[in-house]
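> Curious how this folds, go ahead:
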Amino acid sequence: MGQLHIAPTVKTPEIRFESEANRLILQGRSIPENAVEFYRPVLDWAASLTSDQEMVIQVQLEYFNTSSSKCLLDLFKKLEALESLAVHWYFDSDDEDMLEAGEDYDHIVSLPFKFVEVEPE
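Residues are numbered from 1 along each chain as shown. Now for the predicted structure:
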């Protein structure tokens, strides 16, 4: 499993794979000009994974636009083949929209989701 790190910008989230913890973290805002182009390295990285690898996908997005939503769905669908994978979906306690977005993904893909409520900063 190769390394993956995309530094955050004002419009894009930080995406990093922590190999020692087998955790892929998506954190920040996701409103890139071209979401398909931005998420391509992540989708390519996900395609290289094998089904025997345990992993947690930790999603801590403050906000994401429609095109980012489609790319997240594509990522989750690529990862459905992995047997030992869980999605930890973080949302602020006062952000019902982010909770509902995670619940929508939970109903669409066959990955186990854990919802983690956090207090806003």
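
> Look up the pLDDT of the nearest residue to Leu4 once chain neighbours are set aside for me, please.
Among residues not flanking Leu4 along the chain, Phe17 sits closest, at 4.1 Å (C-beta to C-beta, 6 or more residues apart in numbering). C-betas here are computed from N, CA, C, even on glycine. Listed pLDDT for Phe17 reads 89.

> So Phe17, which state does it fall into?
strand (DSSP: H, G, I helix; E, B strand; the rest coil).

> so it bridges to which residues?
In this entry, Phe17 is beta-bridged to Leu24, by DSSP bridges.

> which residues touch it?
With contact taken as C-beta atoms under 8 Å, 6 or more residues apart in numbering, Phe17 is in contact with 1, 3-5, 23-25, 45.

> out of the residues you listed, who has the most neighbours?
Leu24 (24 neighbours; other C-beta atoms under 10 Å).

> which ones are touching the most centrally placed residue in the chain?
Central residue of the chain (C-alpha atoms, centre = their mean): Val59, 4.5 Å from the mean position. Residues near Val59 by C-beta under 8 Å, 6+ apart: 26, 72, 87-90, 102.

> For the protein, give me the ranges with low pLDDT.
Filtered on pLDDT under 70, the chain yields the residue ranges 1-2, 51, 121.

> gap between the host helix or strand of Leu73 and the chain center?
Of the helices and strands defined by DSSP states H and E, Leu73 is found in helix 66-79. Centroid separation for helix 66-79 versus its chain: 8 Å, with C-alpha atoms, centre = their mean, to the nearest Å.
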